[in-house]
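>>> please find the sequence and the predicted model below.
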Amino acid sequence: MRALPGTVPPRPSPAAADVNTGDSVTDESEATGWVFLQSIPTVGAFPCTEHRQAAPERHEYVRLECDLQNDTSGLFSHLVGTPKPLLPIGGMPLVTHWIKAFDQVPEITSVVVVTNDLHKPLYQTWADGLARHMRIVSDGSTSNEERSGAVACMEIGAAGSQEDILFVAGDTLLPSDFSLKTLVSKFKALHDHEKEACLVLSAPVSEKNVSKHGIIEVEERNRVTQFLEKPQPQDTTSRLQCPCVYLMSSESLHHLQNFLEENRNAPLSCRDATGMFIGSLIHRAPVFAHHVTHRYDVGGLQSYLQCCQDFQPS
């Protein structure tokens with residue numbers, strides 16, 4: 001395994017399960033583009049009260065899980081305990097929408113999905129039904145207390161890569177007018193001018209929801225100048241949230257390792273939200289924003305049903 005650029009050597013990658021449904025395994029040393037998909041960081045399907053105590057910062061996932069458990073119609077009982085990226089939306093699991101988008105972008109040659117030991121079999125079963133080869137990797141955790149944190153999972157997904165990487169949170173869903181091809185083309189143009197350039201997404205957020213999201217402030221050239229983790233509306237004039245869809249150049253990946261090394265002894269909360277890393281990255285590398293019209297927040301049953309309605313197969 002080759003070390004990534006930077007001063008911090010990568011820790012050994014957890015055992016990965018290669019899932020292949022007929023395609024030849026992609027040689028990582030020859031890959032020209034990687035995609036990392038992180039599953040929902042919360043581990044397990046616990047009763048609502050226990051789950052809320054175990055991971056209060058995961059209130060959005062807890063809210064959906066509790067809604068599913070408490071639904072009296074019986075229509076959604078089969079979804080209890082399903083990781084959010086595997087919830088069916090528009091006739092397929094949420095994360096499969098991303099796989100279909102990846103298939104349209106030739107620059108994307110490898111897909112790595114990072115999950116935990118509890119959910120790994122579910123993702124392997126899901127991947128068995130796809131034509132595209134991907135690697136399913138676990139961070140080794142089986143409980144919320146053991147979890148590595150979202151930023152550490154980014155490093156696990158990137159381990160050994162010397163290529164540009166697209167990081168996507170597996171529970172992120174964007175509207176049908178979003179073009180991944182356009183995003184990649186914009187990133188390539190930025191990279192031609194600044195080798196460490198990175199590209200993130202911005203999406204509108206309502207006044208009442210500012211405090212629920214990571215907010216970015218941008219200048220005229222769409223360079224990100226500030227990242228605020230769930231600020232109060234009066235603390236910023238920006239109404240742009242930053243979904244976890246990040247394109248990082250290979251030249252900038254060492255900043256990921258450095259961030260984790262610097263926060264090695266910090267509380268898990270400092271590395272359990274990917275926005276905390278972006279807030280650091282904007283002071284170390286040029287980070288630009290690509291605007292999208294909407295970001296779906298599958299936080300509760302009603303928002304999940306709205307999502308299903310908007311993605312009904314035509």
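Done, it's in.

>>> how about the host helix or strand of residue 260: buried residues?
Using DSSP states H and E, residue 260 falls within helix 254-262. Buried residues in helix 254-262, counted by 16 or more other C-beta atoms under 10 Å: 254-260. All C-beta atoms are positioned from the backbone trio N, CA, C, and that covers glycine.

>>> what about that helix, distance to the chain center?
Distance, stretch centre to chain centre, for helix 254-262: 18 Å (C-alpha atoms, centre = their mean, to the nearest Å).

>>> so what touches the following helix or strand past that helix?
Once helix 254-262 ends, the next helix or strand along the chain (criterion: DSSP H and E) is helix 274-281. Helix 274-281 is contacted from outside by 150-151, 154, 167, 169, 198, 200, 214, 216, 224, 227-229, 242, 244, 246, 252, 255-256, 259, 270-271, 287, using C-beta atoms under 8 Å, 6 or more residues apart in numbering.

>>> one more pass at 6 Å, please.
With C-beta atoms under 6 Å, 6 or more residues apart in numbering as the test, helix 274-281 has contacts from 150-151, 214, 227, 229, 244, 255, 259, 270, 287.

>>> top helix in the chain by residue count?
If you go by DSSP state H, the chain has its longest helix at helix 180-193.

>>> now that one: buried residues?
So for helix 180-193, counting by 16+ other C-beta under 10 Å, buried means 180, 183-184, 186-187, 190-191.

>>> just to be sure, residue 82 is in a strand?
No. Checked against DSSP: H, G, I helix; E, B strand; the rest coil, residue 82 lies outside a strand; its state is coil.

>>> give the burial count for it, as a bare number.
Neighbours of residue 82 under the rule other C-beta atoms under 10 Å: 19.

>>> still on that earlier bit, in CSV: the buried residues of helix 180-193, plus pLDDT and distance to residue 173.
Shown next, in CSV, are these (pLDDT from 0 to 100; distance: C-beta to C-beta, whole Å):
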residue, pLDDT, distance to residue 173
180, 96, 13
183, 97, 15
184, 96, 18
186, 97, 20
187, 97, 20
190, 97, 25
191, 96, 26
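
>>> which one of those is nearest to residue 302?
Using C-beta to C-beta, residue 180 is the member of the buried residues of helix 180-193 that lies nearest residue 302, at 27.9 Å.

>>> surely that closest one touches residue 100?
No. In this structure, residue 180 is not within contact of residue 100 by C-beta atoms under 6 Å, at 9.8 Å.

>>> and the contacts of helix 274-281, which is the shakiest by pLDDT?
Within those, residue 270 has the lowest pLDDT, namely 85.

>>> and the closest residue to it other than its chain neighbours, what are its phi and psi?
Of all residues not flanking residue 270 in the chain, residue 263 sits nearest, at 4.8 Å (C-beta to C-beta, 6 or more residues apart in numbering). The phi/psi pair for residue 263 (degrees, to the nearest 10) reads phi -110, psi 20.

>>> residue 263: neighbour count?
18.

>>> and the pLDDT for it?
For residue 263, the predicted pLDDT is 95.

>>> next: residue 81.
81.

>>> for residue 66, see how far away it is.
12 Å (C-beta to C-beta, to the nearest Å).

>>> over to residue 172?
Residue 172 sits 21 Å away from residue 66, taking C-beta to C-beta as the criterion.

>>> next: residue 117.
24 Å.

>>> neighbour-wise, which of the two wins?
residue 66 (19 against 15).

>>> okay, now the unreliable bits of this structure?
For the chain, applying pLDDT under 70 flags the ranges 1-65, 67-72, 74.

>>> need the helices for it, in chain order.
In the chain, the segments counted as helices under DSSP H are 48-54, 59-70, 94-102, 120-128, 150-158, 180-193, 254-262, 274-281, 301-310.

>>> pick the most buried one from the ones you listed.
Highest mean neighbour count among these (mean count of other C-beta atoms under 10 Å): helix 150-158, with a mean of 24.

>>> and that one, how far out from the chain's middle?
With C-alpha atoms, centre = their mean, you get 10 Å for helix 150-158.

>>> distance check, residue 314 against residue 101.
Taking C-beta to C-beta, one finds residue 314 at 17 Å from residue 101.

>>> please apply the same query to residue 300.
In terms of C-beta to C-beta, residue 300 sits 25 Å off from residue 101.

>>> please identify the buried residues of stretch 279-293?
279-282, 285-290, 292.

>>> and those as TSV, adding distance to residue 130?
Shown next, in TSV, are the buried residues of stretch 279-293 (distance: C-beta to C-beta, whole Å):
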residue	distance to residue 130
279	34
280	34
281	31
282	35
285	33
286	35
287	32
288	32
289	31
290	27
292	25
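
>>> for these, which one is nearest residue 308?
residue 292 (20.0 Å).

>>> can I assume that closest one is in contact with residue 205?
No. Residue 292 is not in contact with residue 205 according to C-beta under 6 Å; the separation is 11.8 Å.
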